[in-house]
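Undergrad: What follows is a protein structure lacking sequence information:
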């Protein structure tokens with residue numbers, strides 16, 4: 001195992017829960033995983049893989065939507081045993097409530113990343129996010145760069161979330177579809193540091209937030225455990241689950257302005273629904 005590998009990335013399931021804008025089994029057009037198949041990670045297989053790999057620095061638990069799983073605390077506890085530092089849950093936050101959050105914290109969860117793509121969506125999830133921060137102080141907001149969060153919309157969204165004292169990570173240039181955004185010019189920020197792998201930290205009015213320029217600096221840093229196999233490169237997993245958008249290039253920030261037929265492979269892909 002290469003010394004550069006520092007994290008488990010655990011995909012607990014491929015399906016999603018109700019999304020305010022996309023309906024049952026949500027199918028967000030900006031998602032890295034377009035096909036929402038009802039596949040679940042076998043926890044025993046996950047345990048076996050971790051036993052072979054050993055202890056890594058940190059882990060990220062994600063889906064689909066991991067909070068759909070009733071055994072998520074068990075998965076968190078297993079992961080905690082194989083991680084020396086932080087265990088992070090990436091979630092859309094729709095199912096978060098006090099009982100669930102407490103059970104995740106008790107199981108060893110130390111970090112939560114709630115994905116939000118618009119100001120309206122943030123206001124709908126704000127109460128859950130603040131409650132989450134009460135029990136898990138290292139709760140942040142992830143902003144995928146998409147049609148609801150570019151230009152002035154991104155500026156407005158960032159100001160509101162940062163004023164609520166959340167750390168924010170902006171997923172810049174998602175899927176190569178959008179151009180660069182000058183945070184120093186548009187938001188009046190100051191760049192304070194770079195990790196050398198295309199991740200930058202800025203400060204706005206005393207509030208710090210991070211921006212991914214792109215993900216190329218993080219190739220081959222994860223052990224990716226999923227319901228469809230184990231991978232060591234994110235692009236290979238995306239290809240496995242049908243995300244061919246990684247090789248696409250778009251200049252418009254509004255997908256409605258594009259040729260919808262050419263985008264159906266990830267905007268309008270038909271999810272496989274679990275009727276149970």
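TA: Happy to help now that I have it. Predicted model only: the values in this text are computed from it and were never measured.
Undergrad: which parts of the longest helix along the chain are buried?
TA: What stands out as the longest helix in the chain, according to DSSP state H, is helix 119-135. Buried residues in helix 119-135, defined by neighbour count with 16 or more other C-beta atoms under 10 Å: 119, 121, 122, 125, 126, 128, 129, 131, 132, 133, 135. The C-beta positions use only the backbone N, C-alpha and C, and glycine is treated the same way.
Undergrad: Specify which member of the residues you listed is nearest to residue 220.
TA: residue 132 (31.3 Å; C-beta to C-beta).
Undergrad: Spit out the contact partners of the nearest residue to that closest one once chain neighbours are set aside.
TA: Nearest in space to residue 132, with sequence neighbours left out and distances taken as C-beta to C-beta, 6 or more residues apart in numbering, is residue 139 at 4.6 Å. Going by C-beta atoms under 8 Å, 6 or more residues apart in numbering, residue 139 touches 111, 112, 113, 114, 129, 132, 133, 166.
Undergrad: What's the separation between the fifth one and residue 141?
TA: Read that as residue 129. Per C-beta to C-beta, to the nearest Å, residue 129 is found 7 Å from residue 141.
Undergrad: Can you work out which residues contact both of those two?
TA: What both residue 129 and residue 141 touch, as defined by C-beta under 8 Å, 6+ apart, is the set 114, 122, 166.
Undergrad: could these go into a markdown table alongside distance to residue 73 and pLDDT?
TA: Converted to a markdown table, these look like this (distance: C-beta to C-beta, whole Å; pLDDT from 0 to 100):
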| residue | distance to residue 73 | pLDDT |
| --- | --- | --- |
| 114 | 18 | 95 |
| 122 | 26 | 92 |
| 166 | 24 | 97 |
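Undergrad: Touching, residue 77 and residue 104? I think so.
TA: No: Residue 77 is not in contact with residue 104 according to C-beta atoms under 8 Å; the separation is 9.9 Å.
Undergrad: more neighbours, the two?
TA: Higher neighbour count among residue 77 and residue 104: residue 104, with 27 against 16, using other C-beta atoms under 10 Å.
Undergrad: quick one: residue 119 and residue 154 touch, right?
TA: No: using C-beta under 8 Å, residue 119 is not in contact with residue 154; the gap is 9.6 Å.
Undergrad: Please name the bridge partners of residue 11.
TA: Beta-bridge pairing for residue 11 (DSSP bridges): residue 62.
Undergrad: tally of neighbours for it?
TA: By other C-beta under 10 Å, the residues close to residue 11 number 25.
Undergrad: repeat for residue 85
TA: Number of residues near residue 85 (other C-beta under 10 Å) recorded here: 12.
Undergrad: same check, this time on residue 149
TA: So residue 149, with other C-beta under 10 Å, has 27 neighbours.
Undergrad: quick one on the thing from earlier: tell me the one among the buried residues of helix 119-135 nearest to residue 8.
TA: The closest of the buried residues of helix 119-135, once distances to residue 8 are taken by C-beta to C-beta, is residue 132, at 21.4 Å.
Undergrad: Please list all residues in contact with that closest one.
TA: Shown in contact with residue 132 (C-beta under 8 Å, 6+ apart): 93, 96, 101, 112, 114, 139.
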